[in-house]
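Visitor: quick check, what structure comes out for this input:
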Amino acid sequence: MQKSYKIMGKEENSERKIVYAVCFLILAVSLFGIFLFKGESATGLAVFEQKSLIEQIAPVNTVEVAENITKETALDGLMNSEIIIKEMTESGISTSLVKDFLLSSKRFFFGESTDWLKKEIKAEEDIKKKEYLQVLLIVAEKTPVYEIEKQDFKESYKLVQNIINTRDQAYQLKDTILLLDETNQKYVDTRIDTEKAVVLLEKGKISFKEERYNEAAGILKEASDEFEKAFTEYKRKKGLIDISKNFFVKYWVHIIIAILVIAVVSYPVFIKVRKMRLRIKLETLKSETKVITKLLKKAQSDCFKDKKITKDTYDIRADRYKKRLAEISHTIPVIEAQIKGKKMVKKEKPNRLGVLEVKR
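Guide: The predicted structure follows:
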């Protein structure tokens, strides 16, 4: 069954129906919004205030201690460090870093010889200290020669202070992560976009878990800043929504009139723009016809005159060019009819080929 076409006169077409349907839909939605806003408070949802989530977390650096650190002070520091590490473990905080600090501190405490340590154990009357000194003796005897340090009570105590500072930073970071998690949940419930902040928060959690505390502190501060930006953007958008509500409530009559006017004038504008686009497309197709015709002639010359291409190559090119020319020659009349305000309508004609009918 072959296809043929007829050109119908100017009638109410699908484009007009679409335009009017869209205008009617806009009008209906606007009316609904106006009556909805009139029944709702202009303030809308309550906005909770949000101040800065966290302050800058101080990094752990090497600390300075007094010059006159005694053996007793260093020993007390070591014993206190054991308690700190136990508390951190019970709190679910990784302790690999502070354990390394503690081991180094112990080596600076007992130094190169264990003879004095054995004397200290015998002379010590405090049971807890005596037991701890015995533990230190075991550590000293198991320390490889290449890891033995020269005795330095000041350096030992300095490492103890690093343990204390690391503990403080770890707890602060843990509390910060809990705060940011709670903030994220609150923001999500309020439909605030926290995607960027959550990415940083998860990255900060990884750094914290791997005991890269200074790095974690910087990342969590960035996450906090992103949460604040998200909240600020939420307040800005909400303010615009409140303004729009007040505007609808105040000017709802004017808005309805404006929409009706737009509905009336939009169709002619639509038709004018559509025809302009059709004219551009028509000129493009005509230009393409000229170019393809030249290419077809060149292919003929290359094949039959200059012998630059084979007959098979020519047939392939010519077939492609002719098919495109056929498509263009079929499309141009349709576009010309549409520009004149008519529409090409596909119609099945079983026994007639290439018929164009004009219905006046």
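
Visitor: drop to CA atoms for contacts and neighbour counts, all remaining ones
Guide: OK.

Visitor: so what's the residue nearest in space to the middle of the chain closest to, chain neighbours aside?
Guide: Closest to where the C-alpha atoms of the chain average out (CA atoms, centre = their mean) is Lys196, at 5.3 Å. Distances taken as CA to CA, 6 or more residues apart in numbering put Glu226 closest to Lys196, at 6.8 Å, once the chain neighbours are dropped.

Visitor: could you measure from the closest residue to Ala170 other than its chain neighbours over to Gly239?
Guide: Excluding the flanking residues, the one nearest Ala170 by CA to CA, 6+ apart is Tyr213, at 6.9 Å. As judged by CA to CA, to the nearest Å, Tyr213 and Gly239 stand 39 Å apart.

Visitor: ok, Gln134 next?
Guide: Separation of Gln134 from Gly239 (CA to CA): 69 Å.

Visitor: ok, now Ile164?
Guide: Ile164 sits 47 Å away from Gly239, going by CA to CA.

Visitor: the more surrounded of these two?
Guide: The residue with more neighbours, out of Ile164 and Gly239, is Ile164; 19 against 14, by other CA atoms under 10 Å.

Visitor: average pLDDT for the helix or strand encompassing the more buried one, rounded please.
Guide: Assigned by DSSP states H and E, Ile164 belongs to helix 153-189. Mean pLDDT, helix 153-189: 94.

Visitor: also stretch 101-121?
Guide: The model assigns stretch 101-121 a mean pLDDT of 93.

Visitor: kindly report the same for stretch 265-284.
Guide: 82.

Visitor: can you show me the CA trace of it as CSV?
Guide: C-alpha atoms of stretch 265-284 as CSV (Å, rounded to 0.1, in the frame of the first residue of the first chain):
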residue,chain,number,x,y,z
VAL,A,265,-2.2,36.5,22.7
SER,A,266,0.1,33.5,23.0
TYR,A,267,-1.2,31.5,20.0
PRO,A,268,-0.5,34.1,17.4
VAL,A,269,3.0,34.6,18.8
PHE,A,270,3.5,30.8,18.8
ILE,A,271,2.5,30.6,15.1
LYS,A,272,4.8,33.4,14.2
VAL,A,273,7.8,31.9,15.9
ARG,A,274,7.0,28.5,14.4
LYS,A,275,6.8,29.9,10.8
MET,A,276,10.1,31.7,11.4
ARG,A,277,11.7,28.4,12.4
LEU,A,278,10.1,26.7,9.4
ARG,A,279,11.5,29.3,7.0
ILE,A,280,15.0,28.8,8.4
LYS,A,281,14.7,25.0,8.0
LEU,A,282,13.4,25.5,4.4
GLU,A,283,16.4,27.6,3.5
THR,A,284,18.7,25.0,5.1
